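Q: Sequence plus the predicted model coming up.
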Amino acid sequence: NAGVTQTPKFRILKIGQSMTLQCTQDMNHNYMYWYRQDPGMGLKLIYYSVGAGITDKGEVPNGYNVSRSTTEDFPLRLELAAPSQTSVYFCASSYSGTQGYEQYFGPGTRLTVT
Amino acid sequence: QKEVEQDPGPLSVPEGAIVSLNCTYSNSAFQYFMWYRQYSRKGPELLMYTYSSGNKEDGRFTAQVDKSSKYISLFIRDSQPSDSATYLCAMSAYGAQKLVFGQGTRLTINP
């Protein structure tokens, strides 16, 4: 099992450009999450999904969009990149709340917007 | 007031020392308490999990939860240089869903 994989590992964007961060999990988890982590800060939830076709906003959703067409994939779209979106982005997945408590994280995507 | 407060450190201790990491929280609905360990340039990994109040021990690691004080702790005994990492507390009212993370404490164990 590969677990949670994310691509790309690194990316530099110019202000106003767009990009999609890819996330795939092979554990058949229903729940998937996107977080951002700024230096010296914890993880802030951007969006999450409880199953294919269902997504919901987290704490910091502005400037991002998501979709969930399959159980395995949960891409994060950045439209009109801004310097404030410079961060490390982590994707995670888990079983539903009644089946487990652990979130499994990917290795992260380091994004710089200049 | 943040829902979960954690001293970001950094914390530097000699090898073999006992390390104490702490978090406080304000939401009395939290029932699931976790500690994640994050090595540099890696994703977080679950280290310890406790449901409701009490202690849990796993090798050199002990997690404590005091719901009456809204305070959780992680103790590391006989600390090793390989324990050098950022430790994030996380908690939830709903299991794996909607985890709220602390800022993380950056820990360095000096040989």
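A: Thanks, I have the structure now.

Q: does chain B sit close to stretch A:75-85?
A: No: counting by CB under 8 Å from any CB of the partner chain, chain B has no neighbours in stretch A:75-85; the shortest distance is 14.9 Å. (C-beta placed from N, C-alpha, C; glycine too.)

Q: Report how many residues lie close to the residue nearest to residue B:105 when sequence neighbours are not counted.
A: Spatial nearest neighbour of residue B:105, excluding adjacent residues (CB to CB, 6 or more residues apart in numbering or on different chains): residue B:9 at 4.4 Å. Using other CB atoms under 10 Å in any protein chain shown, residue B:9 is surrounded by 16 other residues.

Q: who touches residue B:9 in this structure?
A: B:105-107 (CB atoms under 8 Å, 6 or more residues apart in numbering or on different chains).

Q: Also residue B:60?
A: By CB under 8 Å, 6+ apart, the contact list for residue B:60 reads B:76-79.

Q: can you redo the residues you listed as a markdown table with neighbour count and pLDDT?
A: A markdown table is the format used below for those (neighbours: other CB atoms under 10 Å in any protein chain shown; pLDDT from 0 to 100):
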| residue | neighbour count | pLDDT |
| --- | --- | --- |
| B:76 | 21 | 98 |
| B:77 | 13 | 98 |
| B:78 | 12 | 98 |
| B:79 | 21 | 97 |
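
Q: Name the nearest of the residues you listed relative to chain A.
A: residue B:76 (19.5 Å; CB to the nearest CB).
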